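Enquirer: Any chance you could fold what I've pasted below:
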Amino acid sequence: MSTNTSESSGIELDTGSGGSDYRVRIRQMEPSDRPRERLAEHSPEYLTNPEILAIILRTGTREANALDLARSLLSRFGGFAGLAEADVTALTEVPGIDPAKATEVKSALEIGQRLLLEQVGEKPRISGATDAAAMLGPLLRNQEQESLRVMLLDSRHQVIEIATAAVGSLNVVSARMRDLFRSAVCRNCAAVILAHNHPSGDPTPSPDDLRLTETAIEAGGLLGIKVLDHVVIGKTGDGFVSIREGGGGAFAAE
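Expert: Alright, predicted model coming up:
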């Protein structure tokens with residue numbers, strides 16, 4: 001395949017056997033159509049999801065501009081929610097997304113998640129396993145791999161942050177205690193709630209889940225951090241199992 005590039009027009013003409021395919025670079029678009037200019041002139045809410053993501057990606061490739069890459073990412077992972085759950089390796093499987101772009105996307109999405117916990121007003125307070133599952137379920141329910149999250153809580157059981165401790169394979173997740181408690185120690189948390197998903201759909205805890213919970217409770221005791229519960233999230237609906245509370249008991253204040 002031969003490719004002729006016009007530097008003056010900024011348009012690449014693919015003259016391969018498949019016919020002509022014009023690829024327009026973003027900088028050659030009308031200013032009113034460029035994502036950065038649209039944001040500056042209007043506001044972030046005015047932009048589409050691909051346009052917002054294209055600004056984060058900044059550049060494209062010879063085969064696709066930043067908007068094309070953004071559309072590919074959103075289509076492959078089902079929107080921002082899917083992108084937030086995908087790891088860097090999965091993102092780099094999309095043609096044109098290198099590790100640098102993947103980490104930039106993950107960082108931007110993480111900022112958004114943390115912002116939700118820093119909104120003005122009262123932080124979400126967790127009174128039982130049902131509250132925890134309601135917040136953690138949307139993050140875990142549709143994952144194809146097991147992912148272990150740690151909900152960090154203050155002394156009033158208000159949510160400080162939701163950290164990722166480990167991401168496993170289709171049906172196995174392993175976690176070292178130092179990974180599990182790293183964020184909790186750094187944020188000076190009073191308590192944590194563990195949560196992970198079962199991609200099979202059945203939230204019934206496995207023997208490994210029970211052992212992990214027991215080990216975490218012991219380790220937390222040494223650190224002065226109470227492990228309130230370990231919630232296992234199913235695949236559909238709002239199904240979950242609370243290992244410590246048997247489905248939704250209330251947590252006593254510290």
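
Enquirer: Now name the helix or strand holding the residue nearest the centre of the chain.
Expert: Centroid-nearest residue in the chain: Ala84, 2.5 Å away (criterion: Cα atoms, centre = their mean). With elements taken from DSSP states H and E, the one containing Ala84 is helix 80-85.

Enquirer: residue ranges with poor pLDDT in the stretch 101-250 of the chain?
Expert: Filtered on pLDDT under 70, the stretch 101-250 of the chain yields the residue ranges 116-122, 169-173, 236-238, 246-250.

Enquirer: mind checking how far the helix holding Ala84 is from the chain centre?
Expert: Mean C-alpha position of helix 80-85 versus that of the full chain (Cα atoms, centre = their mean, to the nearest Å) differs by 5 Å.

Enquirer: try stretch 48-59
Expert: How far stretch 48-59 lies from its chain's middle: 17 Å, per Cα atoms, centre = their mean.

Enquirer: Please save the CA atoms from that stretch in PDB.
Expert: Listed in PDB are the C-alpha atoms of stretch 48-59, where the atom choice follows Å, rounded to 0.1, in the frame of the first residue of the first chain:
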ATOM      1  CA  THR A  48     -19.200  15.000  23.500                       C
ATOM      2  CA  ASN A  49     -17.500  12.100  25.300                       C
ATOM      3  CA  PRO A  50     -15.100  11.400  22.300                       C
ATOM      4  CA  GLU A  51     -14.100  15.100  22.200                       C
ATOM      5  CA  ILE A  52     -13.300  15.200  25.900                       C
ATOM      6  CA  LEU A  53     -11.300  12.000  25.600                       C
ATOM      7  CA  ALA A  54      -9.500  13.300  22.500                       C
ATOM      8  CA  ILE A  55      -8.200  16.300  24.500                       C
ATOM      9  CA  ILE A  56      -6.700  13.800  27.000                       C
ATOM     10  CA  LEU A  57      -5.100  11.700  24.200                       C
ATOM     11  CA  ARG A  58      -3.700  14.900  22.600                       C
ATOM     12  CA  THR A  59      -2.400  13.300  19.500                       C
END
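
Enquirer: circling back: could you say what helices and strands the helix holding Ala84 packs with?
Expert: helix 66-77, helix 99-116, helix 129-140 (3 or more Cβ pairs under 8 Å, 6 or more residues apart in numbering; DSSP states H and E). All C-beta atoms are positioned from the backbone trio N, CA, C, and that covers glycine.

Enquirer: quick one, the second one and helix 66-77 angle?
Expert: Relative orientation of helix 99-116 with respect to helix 66-77: 70 degrees, computed using axes from the mean of the first three to the mean of the last three Cα atoms, to 10 degrees.

Enquirer: Ok, the last one next?
Expert: Taking the same axes, to 10 degrees, one finds helix 129-140 and helix 66-77 inclined to each other by 130 degrees.

Enquirer: ok, back up a step: dump the residue contacts of the residue nearest to the centre of the chain.
Expert: With contacts defined as Cβ atoms under 8 Å, 6 or more residues apart in numbering, Ala84 is in contact with Leu109, Glu110, Gly112, Gln113, Leu139.

Enquirer: just the buried members of the residues you listed?
Expert: For these, burial is judged from neighbour counts taken by 16 or more other Cβ atoms under 10 Å, and it is met by Leu109, Leu139.

Enquirer: Now do the helices in the stretch 151-254 of the chain.
Expert: Counting by DSSP state H, counting those that start in this stretch, one finds helices in the stretch 151-254 of the chain at the ranges 177-186, 207-223.

Enquirer: just checking, what packs against the first one?
Expert: For helix 177-186, the helices and strands in contact under the criterion 3+ Cβ pairs under 8 Å, 6+ apart are strand 147-153, strand 159-167, strand 191-197, helix 207-223.
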